[in-house]
Structures are given as C-alpha cells and as structure tokens.
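# give me a 3D structure for the following:
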Amino acid sequence: MCDLYYTPASSPCRVVQMVAAALKIKLRLKPLNLHSKEQLLPEFLKINPQHTVPTLVDNNFALWESRSICIYLVEKYAKDDSLYPKNPKQRALVNQRLYFDMGMLTKRMYDFFFPQLIQNTQPDPQKFKEMEEAVELLDIFLENSAYAAGERLTIADFALAVTVSVCELTGYDLNKYVNISRWYESMKLELPGWNINEEGLNVLRQYIKK
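This next block holds a predicted model:
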C-alpha cells in the first residue's frame, strides 16, 4: 500500500487519486493542512524537501509532482500499457498533453482566476486572453479524437479533465468549445474515481466562498 500526502482541494492530488482508483491501488491517505504549514514540518521535509503535494511514498521511495507520480503508478502497477502506451509515438503524445496541461493550461487558468478568487482583484484582460488561447488549443487537440491523446483513455485525460473541472467551477463558459464539451461530458462518466474529483471540488468551492 502506498502513502499519499495530499489535500482534497488540490487538483494534482485528485488526479493521482483517480489514476490510483483506475489501477485499483489502495492509497493510505495522509492529509496535510497547508494553511497550518504542516507541509513545513521537519518530518515531512525529510520526505519531500520541496514540501509540495501530492507526495507519494511507496516502500520508502518518495516521489512528488502529480504527473510523475501517475506515470510511476502506471508503469509499476498497471496490467497493461493502455493508460500510458509503450509505443514511442503514442507515449510522446501523452507526454505532450501532460506538459501542455502543466505548463500552459493549468498555469494560465490559475494566473487568471486565482488572483480574483483569493485576492479579490479585478480580472486582468491580458491574462484572460492568454487563458482563452490555452483553452482553444485544447479544443483543437480534441477536434479529431475521442480522447486527449488519441483514441483511447490515457493519464492525459485524467490530468486535463480535472483542470477543466476547476475551470468550470469558476463559472467559465465551456459550452462554446464544442470538442471540449463533448469530451468533458464523456470524462465525467468514463473516468474512474470521478467522485473523488467532485468531492475535492466541493472543498475548493467552500474555500473560495470564504
């Protein structure tokens, strides 16, 4: 059994939990209260000096960064390579989507929305334009495929769907993106552990309301 240090409001934490659910891996959940700075306690810093969540510990092997954790779990525990293909071209496409999610979509979404939600600032038109550019790219990626990285479900779908769910939570209108809307509605039904994401979104929703 793996230990997972996490917080429910964290999108990356939910992605790891969902991938673990898809692989039928039992996780021993270790909640951390980031507002109380529990991630800075000496015992946690010994595990992860970067003091980030999620952090996975599997038989004394510690790993953080959600996408790396998902890849590790699939490569070690999956019965086949469907979620993370071994074919070089297919795997490269999954990796590209994961990097796009981390470096562009998630970053730009958080850069635009979270100053408003957390700091009560006014919307930044330039940041909105940059976020829309990222969302439009995702819509293009999904134009000719049922899934984020081809014609079968992969860990890229988990990561991107959770990001899009946060975008939806903020009230951003996704209906104008035909391909995203089609894919996202399918992901709500198809992704194992979607209830985990919904529970985390409820926690995030309450935090935003404060």
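# who's in contact with the helix or strand harbouring A21?
Element membership for A21, per DSSP states H and E: helix 11-22. When contacts are defined by Cβ atoms under 8 Å, 6 or more residues apart in numbering, helix 11-22 is touched by residues 2, 4, 6-8, 26-27, 53-54, 56, 65-67, 69-70, 73-74, 83, 106, 155, 158-159, 162-163, 165-166, 191-194, 196-197, 200. To be clear about C-beta, it is placed using only N, CA and C from the backbone, and glycine gets the same treatment.
# so how far is that helix from its chain's centroid?
8 Å (Cα atoms, centre = their mean, to the nearest Å).
# coming back round to it: next step: the contacts of helix 11-22 restricted to helices.
With helices taken from DSSP state H, the overlap with the contacts of helix 11-22 comprises 66-67, 69-70, 73-74, 106, 155, 158-159, 162-163, 165-166, 194, 196-197, 200.
# quick one on the thing from earlier: just the CA trace of the helix holding A21, in CSV.
Output in CSV follows, covering the C-alpha atoms of helix 11-22 (Å, rounded to 0.1, in the frame of the first residue of the first chain):
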residue,chain,number,x,y,z
SER,A,11,-6.2,19.3,-8.4
PRO,A,12,-2.9,17.4,-8.8
CYS,A,13,-3.8,15.4,-5.7
ARG,A,14,-7.1,14.4,-7.1
VAL,A,15,-5.5,13.3,-10.4
VAL,A,16,-3.2,10.9,-8.6
GLN,A,17,-6.1,9.5,-6.5
MET,A,18,-8.2,9.0,-9.7
VAL,A,19,-5.3,7.2,-11.5
ALA,A,20,-4.8,5.0,-8.4
ALA,A,21,-8.5,4.2,-8.5
ALA,A,22,-8.3,3.2,-12.1
